[in-house]
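A.B. asks: Below: sequence and its predicted model.
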Amino acid sequence: MAKVLMPLAQGFEEIEALTVVDILRRAEIEVVLAGLLPGPVAGAHNVCIIPDTTIDTVTAGVFDMIILPGGQPGTDNLNADPRIHALLNKFASGEKLIGAICAAPIVLAAAGLLRGKKATCYPSYRDQLNGGIYEDTSVVSDGTIITSRGPGTAIHFGLTVADRLAGRHTAASISKAMLVQDTPPEIWNSCLFNDIIQALLGALELKDSYTQGQARRVAEYCLSIGSKLKLPLIEMRDLYLGAMLHDIGKYNTAEGVLNKPDSLNLREETLTREHTMKGTLFVVGINNLSHIGPTILHHHEHWDGTGYPGRLKGEQIPLHARIVAVADAFDAMISNRSYRDGLDKTSALRELVNGKNKQFDPFIVDVFIECLNDSPFEMKDFSYYF
């Protein structure tokens, strides 16, 4: 029979600990709860558990796995205890299984066990993995390390551990008996969704060589502005989507118009302006994209009401569209086009300032200039906003 050690610190996440213990004991796996101190241990939500023993009485040699529940301040209490780090290193040197959920993977990271390893954790701790390779999935297994994201993934985590220690048939039987709804593998994850959008933009850029990487740069600038404005994470995601897809309607614009080396005539200008409406129609009816329609539709509106297609004025223009307008204009000014060379950064910023209260929201222009002065916002994979 396999044997698992689960240390408990004051402030542990009850769902993560007890769900895993329940599943493993259903699989006839012995689980020993060990408190850091003698006596009951109170969880993060004041559920008190009486551990089987204390951490001082256990030795790594008799266990097949150690699992750290997350929660706060439980995780920090585990991380601050040198006995936990010593146990983790003994399990690692013995090539035994090590598991952690929610915030607790940062304890593995602090012990140096995640360098070069794929892992997951509660999203707000992803930057504390100390060389670990973050994956946005419910459970990640890499060799002897098994990590999971949080309370809502505790059942999946427990079943994954049961699979490793007691076999797939046992884990499947427990899942069926518990009426766990079958879930397909996370093949439609956020990274794939982001890759699809990147591929669509790549197809658009094949038509217009002068806009190579333009959507990514505009998204970069927009997220820099959004970060400075302290937008909520869900808004940052939507701003990213709107920025990436703001010109998707140009896909239906003739290449001869997009790449014309001189001024557009009235007909060609009308065709070009239609890209905002065509782009909006592109996302309408798509559940996870239709809400960014206003950003696509109105990113060429002007603060003074002279833009298109709706001649909206001031704060009638959606905030995300105002942000995209500034970022898009700046990138267009510093980029080479078929009909002109790009401006230098100083000249482009001067044009933005001159456009305040006319073409651009003056506040957004000021924020954007602050972003550029602070430091260039480094390009990265923003797929975690999905």
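C.D. replies: The structure has been received and is ready for your questions.
A.B. asks: can you give me the strands in the stretch 151-300 of the chain?
C.D. replies: For the stretch 151-300 of the chain, no strands are identified by DSSP state E, counting those that start in this stretch.
A.B. asks: so where's it uncertain?
C.D. replies: Applying pLDDT under 70 to the stretch 151-300 of the chain flags residues 182-193, 204-212, 252-271.
A.B. asks: which stretches of it form helices?
C.D. replies: In the stretch 151-300 of the chain, the helices defined using DSSP state H, counting those that start in this stretch lie at 154-166, 168-177, 190-207, 214-228, 233-244, 255-258, 266-273, 275-283, 293-298.
A.B. asks: Could you save those as TSV and add columns showing distance to residue 316 and mean neighbour count?
C.D. replies: Backbone N, C-alpha and C define where each C-beta goes, glycine included. Below are the helices of the stretch 151-300 of the chain laid out as TSV (distance: least, C-beta to C-beta, whole Å; neighbours: other C-beta atoms under 10 Å):
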stretch	distance to residue 316	mean neighbour count
helix 154-166	46	23
helix 168-177	52	15
helix 190-207	28	15
helix 214-228	19	22
helix 233-244	17	21
helix 255-258	29	14
helix 266-273	19	13
helix 275-283	16	20
helix 293-298	9	24
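A.B. asks: Rebuild these as a markdown table, extending it with distance to residue 18.
C.D. replies: Listed next are the helices of the stretch 151-300 of the chain as a markdown table, based on distance: least, C-beta to C-beta, whole Å:
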| stretch | distance to residue 18 |
| --- | --- |
| helix 154-166 | 9 |
| helix 168-177 | 15 |
| helix 190-207 | 29 |
| helix 214-228 | 38 |
| helix 233-244 | 29 |
| helix 255-258 | 60 |
| helix 266-273 | 60 |
| helix 275-283 | 43 |
| helix 293-298 | 44 |
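A.B. asks: between these, which gets nearest to residue 323?
C.D. replies: helix 214-228 (5.1 Å; C-beta to C-beta).
A.B. asks: tell me what that closest one is packed against?
C.D. replies: Using 3 or more C-beta pairs under 8 Å, 6 or more residues apart in numbering; DSSP states H and E, the elements in contact with helix 214-228 are helix 190-207, helix 233-244, helix 319-334, helix 362-374.
A.B. asks: Quick one, which of those gets closest to residue 310.
C.D. replies: helix 319-334 (10.1 Å).
A.B. asks: Next, the buried residues of the helix or strand that the closest one is followed by.
C.D. replies: Next helix or strand after helix 319-334 toward the C-terminus (DSSP states H and E): helix 345-354. By 16 or more other C-beta atoms under 10 Å, the buried positions in helix 345-354 come out as 348, 349, 352.
A.B. asks: measure the last one to residue 303 for me?
C.D. replies: If I follow you right, that is residue 352. 12 Å (C-beta to C-beta, to the nearest Å).
A.B. asks: which residues are in contact with both of the two?
C.D. replies: residue 360 (C-beta atoms under 8 Å, 6 or more residues apart in numbering).
A.B. asks: Let's verify residue 146: helix, strand, or coil?
C.D. replies: strand (DSSP: H, G, I helix; E, B strand; the rest coil).
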